[in-house]
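Peer 1: fold the following for me, if possible:
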Amino acid sequence: MGLGEIGKKRYFEWLRSRPKVVQVLAAKTRLMDDMTDYEEDIGKGYTANALNYYIKQHGVTKEKAIKEFGKMIKDINKIVNEECLKTTNISRRVLNQIINYGRSLDVLYTSDDVFNHREGMLKEHITTLLVDPIHL
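Peer 2: From the prediction side, this is the model:
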């Protein structure tokens, strides 16, 4: 998505092979989603939440678990950067799309959980990013 005419089959196959950068971004997505949805999930009786499992497995408070998830997310961001720097057989534009996906998670999972509460700021963020961007 977002690649237009350069979206070649080999790039799609590369992504389907789940390279490390795709795996770690999937983990980042899970961590961020479960951190922001923790209270709502628990309130609905859903216990299949990574934060909930971490709290129970390590016997820590929610705040301590969130701090540890933050460290994990920082490590994931480093891995994404390393993987994109050492991946030379894939177009820079494709890699930029992957990096931008990781960046978008930081916007989508803010304190008001833009992604899961679409009535909030999601439309405004998308408009600012895609319709009325700041041109440098």
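
Peer 1: pLDDT wise, what is the residue lying farthest from the centre of the chain at?
Peer 2: Residue farthest from the centre of the chain, counting by CA atoms, centre = their mean, is Gly59 at 26.0 Å. With respect to pLDDT, Gly59 scores 97.

Peer 1: got it, and the one 4 residues further on?
Peer 2: Predicted confidence (pLDDT) at Glu63: the value is 95.

Peer 1: contact partners for it?
Peer 2: Glu63 makes contact with no residue, according to CB atoms under 8 Å, 6 or more residues apart in numbering. Bear in mind the C-beta positions are built from the backbone N, C-alpha and C, glycine included.

Peer 1: begin at 789 from now on, thanks
Peer 2: From this message on, residue numbering opens at 789, which makes the last subject Glu851.

Peer 1: separation between it and Tyr841?
Peer 2: 16 Å (CB to CB, to the nearest Å).
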